[in-house]
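>>> Got a predicted structure plus its sequence, pasted below:
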Amino acid sequence: MLLNSQRPFRGPQSDMRPASLAKRLLAMLYDFMIIVAIWMITGFVAVGLNDGEAVEGPALKSALFIITFLFFGFFWTRNGQTLGMQAWRIRVQSLGGYKLTWTQSLLRFFLAALSMLCFGLGYLWMLFNDEKLTWHDKLSESCVVQLPKN
């Protein structure tokens, strides 16, 4: 099972309502801006290490992919919120209300990309799903919830 029962979030989980598609997409937009900045810094470093010449090929693409996963994985396993998710008060958690494991994060990361590559159908699925789960939510045994106002 993917759940990690030793790392629960504090507070009651049963009264959390699913985050809306709009808030998910807005959080993704915020995170995308941060990721692009990180990619640019990575590119500048790569060019500097390559004597000022352009860097191309699978090594740079692999590095950017790994850096992107580490960004999301770090935030998802630590407190369930990327910086964009914090701005919109939403959190990703296991279906049982626990922090995601690295395995869940990796699965969610790959499946979220697939959900988007299928013309966004994986995300739109939540509009027709009674539990408001996307493809990657369901397959990684996770969900995105709306946090209450403080």
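Good, I have the coordinates.
>>> List the buried residues for stretch 99-117?
99-101, 104-109, 111-112, 115 (16 or more other C-beta atoms under 10 Å). C-beta coordinates here come from the backbone N, C-alpha and C atoms, glycine included.
>>> where do the helices sit along this structure?
21-49, 58-78, 83-87, 102-117, 121-124, 135-139 (DSSP state H).
>>> Now render those helices as CSV, adding mean pLDDT and distance to Ser94.
Shown next, in CSV, are the helices of the chain (pLDDT from 0 to 100; distance: least, C-beta to C-beta, whole Å):
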stretch, mean pLDDT, distance to Ser94
helix 21-49, 97, 17
helix 58-78, 97, 10
helix 83-87, 98, 15
helix 102-117, 97, 7
helix 121-124, 97, 19
helix 135-139, 98, 10
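>>> just these: most buried one?
helix 135-139 (a mean of 21; mean count of other C-beta atoms under 10 Å).
>>> re the thing from before, between the helices of the chain, which one is closest to Leu147.
Nearest to Leu147 among the helices of the chain is helix 83-87 (9.2 Å), distances taken as C-beta to C-beta.
>>> Mind checking the helices of the chain for the one nearest to Asn150?
For the helices of the chain, the distance to Asn150 is smallest for helix 83-87, at 12.1 Å, taking C-beta to C-beta.
>>> Show me what that closest one is in contact with.
Residues from elsewhere that reach helix 83-87 (C-beta atoms under 8 Å, 6 or more residues apart in numbering): 26-32, 34, 75, 91-92, 144.
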